[in-house]
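> Attaching a predicted model along with its sequence, questions to come.
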Amino acid sequence: MGIKMVIGIYGGLSLIAAVLQGKYKNIPGWSAIIMGLGALLMLGSLLTTGIMAIGILAIGALLAHISAIINGIKMHGDINKVHHFARFLITLVMIGGMVMYQGGL
């Protein structure tokens, strides 16, 4: 599975989560928007190249992480460290893969 497919799947799933959680009002609307924006940026990074693609991916992933932390606190009352560590590792893989795909920084 290529790095672009991983980014596409992760961004797509993040977008689905943002829409569904916003629709069912499990989280604040503004947090769903942040998650959705992060997901769209991750997906948008696939449409550009070079350092721009890497930067857009990183910003999108950061927004999704911030929203996920806010959502976890809202829905469960605390931060699930294992969940966020896994998200962080996935982000590192995506950024590292994008750097290698783009031929380095």
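Thanks, I have the structure now.
> for the closest residue to Val19 other than its chain neighbours, what are its contacts?
Nearest non-adjacent residue to Val19, counting by C-beta to C-beta, 6 or more residues apart in numbering: Gly36, 6.8 Å away. Every C-beta, even on glycine, is put in place using the N, C-alpha and C of the backbone. Contact partners of Gly36, counting by C-beta atoms under 8 Å, 6 or more residues apart in numbering, are Ser14, Leu15, Ala18, Val19, Gly22.
> Weed out the non-buried ones from those residues.
For the contacts of Gly36, a burial check counting by 16 or more other C-beta atoms under 10 Å picks out Ser14, Leu15, Ala18, Gly22.
> if we take those, which one ends up nearest to Leu57?
Comparing these against Leu57 with C-beta to C-beta places Ser14 closest, at 12.1 Å.
> So the closest one versus Gly50, what's the distance?
Ser14 sits 23 Å away from Gly50, taking C-beta to C-beta, to the nearest Å as the criterion.
> In this structure Lys74 contacts Lys25, no?
No. Contact criterion C-beta atoms under 8 Å: Lys74 and Lys25 do not qualify, at 10.6 Å.
> Spatially central residue for this protein, please.
Residue closest to the average C-alpha location in the chain (C-alpha atoms, centre = their mean): Ala61, at 3.6 Å.
> how far away is Met27 from Ile3?
You called it Met, but residue 27 is Ile. 29 Å.
> So for these two, which residue has more residues nearby?
Taking other C-beta atoms under 10 Å, Ile27 and Ile3 do not tie; Ile27 has more neighbours (22 against 19).
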